[in-house]
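Q: Following is a predicted model, sequence given first.
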Amino acid sequence: MIRLTLLDDHPAVLVGLQRLLAPAHDMEVLAAAADEVTLARELDGRRPDVLIVDYDPGRGDALALCRRVKARPDTPYVLIYTAYGSAALTVAARAAQADGLLDKSEPAAVLIAAIRRIANGETVLPTVSRSEFEAAVARLTDTDLPIFAMLLDGAPVPAIAEGLRTDEREAAHRAQKIVARLRPRLDRQLPGVH
């Protein structure tokens, strides 16, 4: 049984997701909430296999949440579920060590298949062209690049700290800053916003 948690600030999306997932007899939604605090309370110590989290460029906290979750030992897989997919978001999600990124416009069967693949240890991220990757990476500094490479390789915070010869807190902070730099800019995500 794949144990899921859902995090989305839109109640209608949470209800819709639960309905989409209900026919999948190998999945169980442990908790669904609009914010992290409520989600933690609803989980009440239970451990999910997969966390499905909304990415909204207006809030932009899904990448930071993913990075915080992935910095802990024995973490759930993380699927970022968004209506704002882009190559830049894919690169940022990779740096945040997300296990998947899926557009909300995909059919339910694609979502369910992605969850199953992620729960089996696969990474489900859209393909990014070399030029799109280079455009995203151009936002990083030269000192960011070694950390970025370690993040892409899936290095945990202790390994990054060891590689940088610094403490884990500093390594986690620097990794979080890199993810924030890679985060797609709001004006490029939403038409008419400048």
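A: That came through, no problem. Model, not experiment: these values are computed from the prediction. Numbering: from 1, shown residues only.
Q: And V78, how far from L43?
A: 15 Å (Cβ to Cβ, to the nearest Å). Just so you know, the C-beta spots here come from the backbone N, C-alpha and C atoms, and that holds for glycine as well.
Q: can you list the weak-confidence ranges in this structure?
A: 57-60, 186-194 (pLDDT under 70).
Q: Output the contacting helices and strands for the helix or strand hosting A175.
A: For A175, the element it lies in under DSSP states H and E is helix 168-182. Packing partners of helix 168-182 (3 or more Cβ pairs under 8 Å, 6 or more residues apart in numbering; DSSP states H and E): helix 61-70, helix 87-95, helix 145-152, helix 157-164.
Q: rewinding a little: more neighbours: V78 and L43, which one.
A: V78 (25 against 16; other Cβ atoms under 10 Å).
Q: Hmm, L102 and the more buried one touching each other?
A: No: contact criterion Cβ atoms under 8 Å: V78 and L102 do not qualify, at 11.5 Å.
Q: any idea how far the nearest residue to A119 once chain neighbours are set aside is from I80?
A: Leaving aside its chain neighbours, A119 sits nearest to I2 (4.6 Å; criterion: Cβ to Cβ, 6 or more residues apart in numbering). Going from I2 to I80 by Cβ to Cβ gives 17 Å.
Q: These two: who's more crowded?
A: Higher neighbour count among I2 and I80: I80, with 25 against 19, using other Cβ under 10 Å.
Q: tell me which strands and helices whichever strand or helix holds that one is in contact with?
A: Using DSSP H and E, I80 sits within strand 77-82. Judged by 3+ Cβ pairs under 8 Å, 6+ apart, strand 77-82 is in contact with strand 50-55, helix 61-70, helix 87-95, strand 100-103, helix 108-119.
Q: follow-up on the earlier one: now the residue nearest to A119: phi and psi?
A: When read as degrees, to the nearest 10, the backbone of I2 gives phi -90, psi 120.
Q: Quick check: A32 touching E42?
A: Yes: using Cβ under 8 Å, A32 makes contact with E42 at a distance of 7.5 Å.
Q: Would you mind listing the buried residues in stretch 78-93?
A: 78-82, 84-93 (16 or more other Cβ atoms under 10 Å).
Q: which of the residues you listed lies closest to L14?
A: Y81 (11.1 Å; Cβ to Cβ).
Q: Partner strands of the strand holding I80 and their direction?
A: Strand 77-82 has its sheet partners listed here by DSSP bridges as strand 50-55 (parallel), strand 100-103 (parallel).
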